[in-house]
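Novice: What follows is a predicted protein model with its sequence.
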Amino acid sequence: MRLDVEHCVHQHLMNKIKPNFAEIARRFDTDPRTVKRYYEQSLNPAAKPPEKLKRPSKLDPFKGLIREKVEAGCSASAIYHFIKEHDYRGGQSILRDYCRTIRQRETKRATVRVETSPGLSAQVDWKEDIVLTTRSGEVVKGSIFLYVLGYSRAKYLEFTFNRTQTTFFDCMTQAFVETGGVPQEIWFDNQKVVVNRHKSNFGKAVFNETFAEYAKDAGFKPIACRPFRPQTKGKVEALARTMDRLRVYDHEFDTPLDLAEIVHLICDQLNQEDSQATGVPPALLLDKEKEYLHSFDGELLESYADRTVARKVSKESMIVFENRRYSVPTRYIGEIVQLKHDDNTLWLYYNGEEVRSHVITPKRFNYAREDMADIVRSDLYRNRDDETIDDDVDHNMKMFDEME
């Protein structure tokens, strides 16, 4: 709006002089039609300027998706190629301009910290793809389960070799034990052990049936976070970033069990340190929050992490567990065995009796030495002496240990 032009036109009208549009336009470096418009509006103040018709944009059907991708940190170029696969027919420049307006708006918008009352909520996530090496050079791969209460910021951490649903349920139950109870609601991202991705969409998440049963038995309301909005789980996202302090232990531990203990140590340290958000150690505020957490049936919840899985023993005397192969005594080839496990150990049962146990590892093939010896004896080396068989077993065991 040109207030200088408008003021000049008003001066002419007050003096009852019709303005010279061209002269005023030259003086204020504008178009004569602009001067004329201000003149006509001054003659009839009640008249509103005609509204411009808003033309539909080819971006309109995609604006919600574009906004989510921009908030997730995606570039305009990446978004363009993504929505092009979803029948976007517009140009890249209009998309780039729209992305720029979103970023400018986000820059101006302040992030409001939402504090919760005691016992109201908790947040859950995973710090995935942890890779560290022991002093002996063994590579240990896994993830860290992260749980944080909203009011006290009390934390529970657990190192795991997998992110299966049974492991997830075990971690959740242990978190309730360690923090003293269950909050009213717990926030999750769209991980497959929680959300049925086939039935979900951007607008609404559908929870996995077994997880929904667990939540009901535990007594909390599950809430799925909006995709690409890490702010909705800000407390646990901040906790995930602190897990970088685990890096200093690379080449500084001996076994995977040592690494699990180090994670527990870090958890204790975090609960004793002053929280940046509250200025108080979480352990102190947890004493107050425990009064508002409700109790749970531990035996019932533990049953979710102790559900037996059945497998048929292959001709190679192996069973498959989490895409890894584990050996079984050869006499059970073709039979059905039952599997039970925790984060570290796999137990195999036949007719209720334990027939083999294995340490869970990231290796593709996991043989017990006795099973390997039986396999070798039952094949080409059945007529060889024990020394030759032992040498072959040693060679095979070493070869499979080196396979990733």
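Specialist: That came in fine, so what should we check first?
Novice: so which strand or helix has the residue lying closest to residue 19 once chain neighbours are set aside?
Specialist: Among residues not flanking residue 19 along the chain, residue 12 sits closest, at 4.2 Å (Cβ to Cβ, 6 or more residues apart in numbering). Every C-beta, even on glycine, is put in place using the N, C-alpha and C of the backbone. Using DSSP states H and E, the element containing residue 12 is helix 3-14.
Novice: buried stuff in that helix?
Specialist: Neighbour counts using 16 or more other Cβ atoms under 10 Å place 5, 6, 8, 9, 12 of helix 3-14 among the buried residues.
Novice: which residues in the stretch 151-300 of the chain form helices?
Specialist: 165-179, 209-218, 234-242, 256-272, 282-289, 298-302 (DSSP state H, counting those that start in this stretch).
Novice: per-stretch mean pLDDT over those, give me the minimum one.
Specialist: With a mean of 60, helix 234-242 has the lowest mean pLDDT of these.
Novice: one step back: now, of the helices of the stretch 151-300 of the chain, which is deepest in the fold?
Specialist: helix 165-179 (a mean of 21; mean count of other Cβ atoms under 10 Å).
Novice: same for it, what does it pack against?
Specialist: strand 139-149, strand 155-160, helix 209-218, helix 298-302 (3 or more Cβ pairs under 8 Å, 6 or more residues apart in numbering; DSSP states H and E).
Novice: can you list those in a markdown table and add distance to residue 321?
Specialist: What follows is those, written out as a markdown table (distance: least, Cβ to Cβ, whole Å):
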| stretch | distance to residue 321 |
| --- | --- |
| strand 139-149 | 16 |
| strand 155-160 | 15 |
| helix 209-218 | 19 |
| helix 298-302 | 20 |
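Novice: closest to residue 177 out of those?
Specialist: Checking these against residue 177 by Cβ to Cβ gives helix 298-302 as the closest, at 6.9 Å.
Novice: what sits against residue 135?
Specialist: With contact taken as Cβ atoms under 8 Å, 6 or more residues apart in numbering, residue 135 is in contact with 251, 252, 253, 254.
Novice: May I see the PyMOL selection of the buried members of the residues you listed?
Specialist: To isolate the buried ones among the contacts of residue 135 in PyMOL, judged by 16+ other Cβ under 10 Å, type:
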select buried, resi 253
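Novice: out of the contacts of residue 135, who's nearest residue 331?
Specialist: Of those, the one sitting nearest to residue 331 (Cβ to Cβ) turns out to be residue 254, at 35.4 Å.
Novice: Next one: that closest one, what pLDDT does it get?
Specialist: 89.
Novice: right, and the helix or strand after the host helix or strand of residue 38?
Specialist: Secondary structure assignment for residue 38, by DSSP H and E: helix 32-43. Note on helix 32-43: by DSSP H and E, the next helix or strand toward the C-terminus is helix 63-71.
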